[in-house]
Structures are given as structure tokens and as C-alpha cells.
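*Asks:* Predicted coordinates and the sequence they were generated for:
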Amino acid sequence: MYDKEEYYINCNRYGLEMYIAGETSHFLTMTGNVFRTGDMTVTEGNLDSFKNTYMKHPALERVKIQVPEGGSILSDQEVMVKCYRSQGGETFARYYDGDWTKPEDPNWSHLQADLSVCRRLAFFCRGDMEQMDRLFRDSGLYRETWDERRGDGTYGELTMRKAIAGCTAFYDQKPNAADDFDPDGDEDEQDSADGNGSSDDEDDAY
């Protein structure tokens, strides 16, 4: 999975774009003009060098927060009620029902909607992956991809871990605790959590 929390898809600063399967709806068209005068070999090292030189987000200071002990303090029903009623709940509801599209962004992907939903679940479930997984499986976004193996975990596990790692707060029982959830991270950059997006808006064109 391409880490869009660390790298741009489209970096207008350099006029460069990455074509990553499942992350963008753009495609590459080949012409009959053949490049014959140089080496076109692409290695993992070459790709990493390209990403780090031209596609890397500016360094962001991320607030580290410990996942609360004891897991969730809300029932599944209570989590869902709070997800729907919190700021940005209408968008969450649409994604959760299975409509992952974002009309104003033609490059918006199913994977991004997955992460957006998981970020909100991570906050209200207090990082409880068992509850998050259970609730996601009941959503219209759930599909077989959720259980596909991706390196050291399934796609679902990796998505939930990323959502939890991006949290700058978790729900607690204090008055107005739901206000600690900031949906700006879902709608501004779509590749970092809870408002920790890029400060360079011109490069967030995907």
C-alpha cells in the first residue's frame, strides 16, 4: 500500500505524478516512440530515491499519543451513534453505507474512504481494533480485500493500524469529548489523520 501519509500522488511543485494501482484513477498511455539510448531499469532503490527526492511531504510534527488501556468504553451501537452525530457525520454515514465516492475529487479512491471511516472508528473505539474490525465488517465498504494479506498483516489490519497511529486524541467520558475528533483530517488531505495534513495545499492535488 502506497503511503500517502508520507508521499504525494501528484506533486505540482515539480510537475510529477505517481501512478499507483488502487490509489489513483489516472492511467498511462504508451506511444510508438521507443526510448533506445539509455537504461530504463527501475529498481526498488531507484523508486525510493525518486519518492524521497521529489514526492515526499514536508516534515510534519506529529503528536504521539498512547492508545488508552482497557480498550473501548462504548458499545458498538454507542460508537455508531457518536460517529453519525459528530462533526462530519454525514460524510461518514455515506461512506459507511458503501458510497465511497467524492464528487469533487475524481481521484478519490475506495481505499481512502476505508481509511477515513477507520480514523473515526479509531477515535471513538479508543484504538480497540477488535471493535473497529467488527464495525467495519458491518459497513458497505467491507469487501474481500479487507482480509487479503499485505506483508506483516492483512489490508484491514494495516488500515486500522494507520488510522490509530494518526490519532491525536481518543474518546473519553468527559463532557463534549466527541469534540476532540477533528474530521478535517478526513476532508482536507486524505492521507494523514486528524488535521495533520500537508501545509502546502498546492501539492495536495489528488
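*Replies:* Sure thing, it's come through.

*Asks:* C-alpha from now on. contacts and neighbour counts both.
*Replies:* OK.

*Asks:* Helices of the protein, start to end?
*Replies:* Ranges of helices within the chain are 44-50, 76-85, 89-96, 110-124, 129-137, 155-165, 184-187, based on DSSP state H.

*Asks:* Which one of the ones you listed has the poorest average confidence?
*Replies:* Mean pLDDT per stretch puts helix 184-187 lowest among the helices of the chain, at a mean of 44.

*Asks:* before we move on, the earlier item: and among the helices of the chain, the most buried is which?
*Replies:* Across those, the average number of neighbours (mean count of other C-alpha atoms under 10 Å) peaks for helix 110-124, which reaches a mean of 26.

*Asks:* and that one, what other elements does it pack with?
*Replies:* Using 3 or more C-alpha pairs under 8 Å, 6 or more residues apart in numbering; DSSP states H and E, the elements in contact with helix 110-124 are helix 76-85, helix 89-96, helix 129-137, helix 155-165.

*Asks:* Looking at those helices, spot the one closest to G38.
*Replies:* Shortest distance between G38 and these, using C-alpha to C-alpha, is found for helix 155-165: 37.5 Å.

*Asks:* Give me the angle between the closest one and helix 129-137.
*Replies:* 120 degrees (axes from the mean of the first three to the mean of the last three C-alpha atoms, to 10 degrees).

*Asks:* between the helices and strands packed on helix 110-124, which gets nearest to Y54?
*Replies:* Closest of the helices and strands packed on helix 110-124 to Y54 is helix 155-165, at 23.2 Å (criterion: C-alpha to C-alpha).

*Asks:* For the closest one, name the packing helices and strands.
*Replies:* Contacts defined by 3+ C-alpha pairs under 8 Å, 6+ apart place helix 155-165 against helix 110-124, helix 129-137.

*Asks:* if we can go back for a sec, could you export the helices of the chain as CSV, including distance to E69?
*Replies:* What follows is the helices of the chain, written out as CSV (distance: least, C-alpha to C-alpha, whole Å):
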stretch, distance to E69
helix 44-50, 37
helix 76-85, 17
helix 89-96, 26
helix 110-124, 14
helix 129-137, 13
helix 155-165, 14
helix 184-187, 24
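
*Asks:* between the helices and strands packed on helix 155-165, which gets nearest to A163?
*Replies:* Closest approach to A163 among the helices and strands packed on helix 155-165 is made by helix 110-124 (4.6 Å; C-alpha to C-alpha).
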